[in-house]
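>>> what follows is a predicted protein model with its sequence.
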Amino acid sequence: MIYDKAMDASPGRFEVIQLSEFTTWGIGGPSASIAVNSPDELIQTVELLSIRSIPWVVMGRGSNTLAPTEGWHGVVIFLRGAFSEFSFDGSVISAGAGAHLPGLAGTACSRGLTGLVFAVGIPGTVGGALFMNAGAYGSSISDFVEEVRVLRPDGSIDYLTSEGCGFGYRSSLFQKNGSIILGTVLKLSEGFRSGNELRREAREILQLRREKFPLHAPNAGSVFRRPDSGPPPGKLIEDCGLKGYRMGGAMVSTVHANFIENTGGATSSDVMNLIDHVVEKVRQASGITLKREIRQLGEEI
Ligand SMILES: Cc1cc2nc3c(=O)[nH]c(=O)nc-3n(C[C@H](O)[C@H](O)[C@H](O)COP(=O)(O)OP(=O)(O)OC[C@H]3O[C@@H](n4cnc5c(N)ncnc54)[C@H](O)[C@@H]3O)c2cc1C
């Protein structure tokens, strides 16, 4: 089996999962996995896997991830327990990397804290959001970062300022340096808007997203990044007549062309073939080469 080496590394420690159950695309075969509840457990796990030369990856809610249909030969690490918690001290939030971003953003709104309302419909974890520098409506999570706590590849724990995280548009240093995000401190603003006002705005955002995004079908949000200049990817793809275009079970959404829907039984190859087709058609029509926002499980940039 594809995951045998990982399972043999420490019998009884890892569990076999179907990645399709842990990604919003609903795609992905079997893999070894482990849920760790504390930094100590995480450090022990990474050490064990590194000694045995077994690849590993930290996954959040899989809402920006394409996992291979044939399965993965490494170990998927989930941050649970203490990593899922968050707490408030006035307008300052301490959050573990495994915390649910919409839950955190919704609680901040209810407390009358301004800043994170953009994130109420982004279905990932705090760690995934920092890794991707997730954002919407002109805001990104990096706008609110005071500190990010990481486990570096050499096994040491480090505390980074926002500048030290190298944030850019949907990018961060974490995409290049192999650090695991453990948690963060975010600073929001208080006293500008009431909890009621912010909750109303959150409901409006969620309604808007239900209208504009194909939330009826499994997807992973925007597939392509916005190019540096020119029209957004959705417009470029739509102008090529690709809305509704299918490869196997994967389809360019008819609701929003920058989304790819799993219409049922899509494989990771269906999605990648469709992505390649879209990139080529858009390049031929506009001269613009679209870059992927979504990530393949375990890929290094
Ligand atoms: C319906 C829908 C709407 C969306 N809307 C938006 C939007 O408006 N704006 C936006 O920016 N995104 C959006 N997304 C994409 C996605 O939700 C975000 O990128 C989110 O931040 C990913 O979080 P995640 O926990 O699911 O990450 P995952 O998909 O689990 O992981 C993404 C990457 O982060 C890495 N990673 C995760 N956690 C850690 C960690 N603790 N340490 C190191 N690396 C880690 C993973 O290895 C992987 O490479 C949307 C997705 C969906 C399905």
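Perfect, thanks for sending it.

>>> buried stuff in the worst-scoring helix or strand of the chain on mean pLDDT?
None of the helices or strands of the chain scores lower by mean pLDDT, DSSP states H and E than helix 4-9, at a mean of 84. Using 16 or more other CB atoms under 10 Å as the test for burial, helix 4-9 gives 5-7, 9. Just so you know, the C-beta spots here come from the backbone N, C-alpha and C atoms, and that holds for glycine as well.

>>> what residues does the protein have near the ligand?
Residues of the chain found near the ligand (CB under 6 Å from any ligand atom) are 24, 57-65, 79, 97, 122-125, 127-129, 131-132, 134-136, 174, 180-181, 213, 215, 219-221, 295.

>>> among the residues you listed, name the buried ones.
Applying 16+ other CB under 10 Å to the residues of the chain next to the ligand flags 24, 57-65, 79, 97, 122-125, 127-129, 131-132, 134-136, 174, 180-181, 213, 219-221, 295 as buried.

>>> follow-up on the earlier one: and of the buried residues of helix 4-9, the nearest to the ligand?
residue 6 (16.4 Å; CB to the nearest ligand atom).

>>> for this protein, what spans make up the helices?
Using DSSP state H, the helices of the chain run over 4-9, 39-51, 101-110, 126-132, 174-177, 195-212, 233-239, 268-286.

>>> which of the ones you listed sits closest to residue 248?
helix 268-286 (3.4 Å; CB to CB).

>>> tell me who's in contact with the residue lying farthest from the centre of the chain.
What lies farthest from the middle of the chain is residue 191; by CA atoms, centre = their mean that is 30.7 Å. The contact partners of residue 191, by CB atoms under 8 Å, 6 or more residues apart in numbering, come to residue 112.

>>> what's the spacing between it and residue 202?
Using CB to CB, to the nearest Å, we find residue 191 at a distance of 18 Å from residue 202.

>>> going along the chain, name the strands of the stretch 51-200 of the chain.
56-59, 65-66, 75-79, 86-89, 92-96, 113-114, 135-136, 139-140, 145-151, 157-160, 180-187, 189-190 (DSSP state E, counting those that start in this stretch).

>>> out of these, which gets the lowest mean score?
Ranked by mean pLDDT, the strands of the stretch 51-200 of the chain bottom out at strand 189-190, with a mean of 93.

>>> pairing partners for it, with directions?
strand 113-114 (antiparallel) (DSSP bridges).

>>> starting at the chain centroid, how far to the partner strand?
23 Å (CA atoms, centre = their mean, to the nearest Å).

>>> looking at the helices of the chain, which one is packed in the most?
Mean neighbour count (mean count of other CB atoms under 10 Å) peaks for helix 126-132 among these, with a mean of 27.

>>> give me the residue from the stretch 201-301 of the chain nearest the ligand.
residue 221 (2.5 Å).

>>> looking at it, that residue is touching residue 294, isn't it?
Yes. If you go by CB atoms under 8 Å, residue 221 and residue 294 touch, sitting 7.5 Å apart.
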